[in-house]
Every structure is written in C-alpha cells, then in structure tokens.
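S.K.: What follows is a protein structure lacking sequence information:
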C-alpha cells in the first residue's frame, strides 16, 4: 500500500485529470464560441443582426423595426469556410481537443491506478507519470 502522501498526490492528480476531461468535453459541446450583435440605424428603420459561431454550427438572426423577427438561420461552420487557412485552423483545433481528451483520459486512468496500487504502474518509466499528468494539465 502506498504512503498517504503519495496516495494524496495521485488522488489530487486524478481529480485534476477528471476536471480537465470535463472542461474539454464542455469546450467540444458548447454552441457559442463567438457571438456578436450589430445594430443598424437608418432614417426609416432600425435593425439588429445577431451572429453566433460554435465549433461545428452557428446561427444568424435579425430583428427589424420594433419586433419584426426574421427567423434564425442555422448553418454549418465548416461548409461556410472557404479560406484554406481558416479551415485548417478549425481542423487543428478539433484534432488538438480530441488528443487532449484522450491524454486526459489516459492520465486519469494511470493516476487512479497509482493511487491504490503499489508498485506504481508507469508508462514510459517513472518520468511517464509526470509526463502524462503534465500533458493532461
């Protein structure tokens, strides 16, 4: 049985990895990464346009003249990206988030196992425990 200090350290690392996993899941699931409202004022009318971008989809809506509402239009973000740089940035964000999700899941597995077992289970040697926890963070 590991000492209380090491059990506490690995338990804290396990909880940190679970929190990291939860945050990454929330980031992947959120629908409002960027939102904006633009107000137009003319001589005869006023309008407000709202735009919301998520990682995968977005909405665009418009309110004209004191409550006349144009229905929201839903769109896929990747279908509207024509610039190669913007498309590759979005793809890189998704790949990095998925890799971070996998690393945090793997790290939480190792730290949970190491909190209750003796000798410690490592991947890539004793430095591996700290490496996976650092990557998870």
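M.R.: Cool, the structure landed. Note that the structure is predicted; figures quoted are calculated from it, not measured.
S.K.: Tell me which residues touch the closest residue to residue 27 other than its chain neighbours, please.
M.R.: Nearest residue to residue 27 in three dimensions, chain neighbours excluded: residue 97, at 6.3 Å (CB to CB, 6 or more residues apart in numbering). Every residue, glycine included, has its C-beta placed from N, CA and C. Residue 97 makes contact with 24, 27, 28, according to CB atoms under 8 Å, 6 or more residues apart in numbering.
S.K.: what stretches of the protein score poorly on pLDDT?
M.R.: 1-2, 66-67, 118-130, 132-133, 135-137 (pLDDT under 70).
S.K.: the strands in it, which residues?
M.R.: Per DSSP state E, the chain carries strands over the ranges 34-41, 46-53, 57-64, 68-76.
S.K.: In a markdown table: those, plus distance to residue 134 and mean neighbour count.
M.R.: Listed next are the strands of the chain as a markdown table, based on distance: least, CB to CB, whole Å; neighbours: other CB atoms under 10 Å:
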| stretch | distance to residue 134 | mean neighbour count |
| --- | --- | --- |
| strand 34-41 | 30 | 10 |
| strand 46-53 | 31 | 15 |
| strand 57-64 | 33 | 16 |
| strand 68-76 | 35 | 11 |
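S.K.: Which one, of those strands, ends up nearest to residue 102?
M.R.: Nearest to residue 102, of all the strands of the chain, is strand 57-64, at 23.7 Å by CB to CB.
S.K.: gap between that closest one and the chain center?
M.R.: Its chain's C-alpha centre and that of strand 57-64 lie 23 Å apart, by CA atoms, centre = their mean, to the nearest Å.
S.K.: and residue 112, how many neighbours?
M.R.: 17 (other CB atoms under 10 Å).
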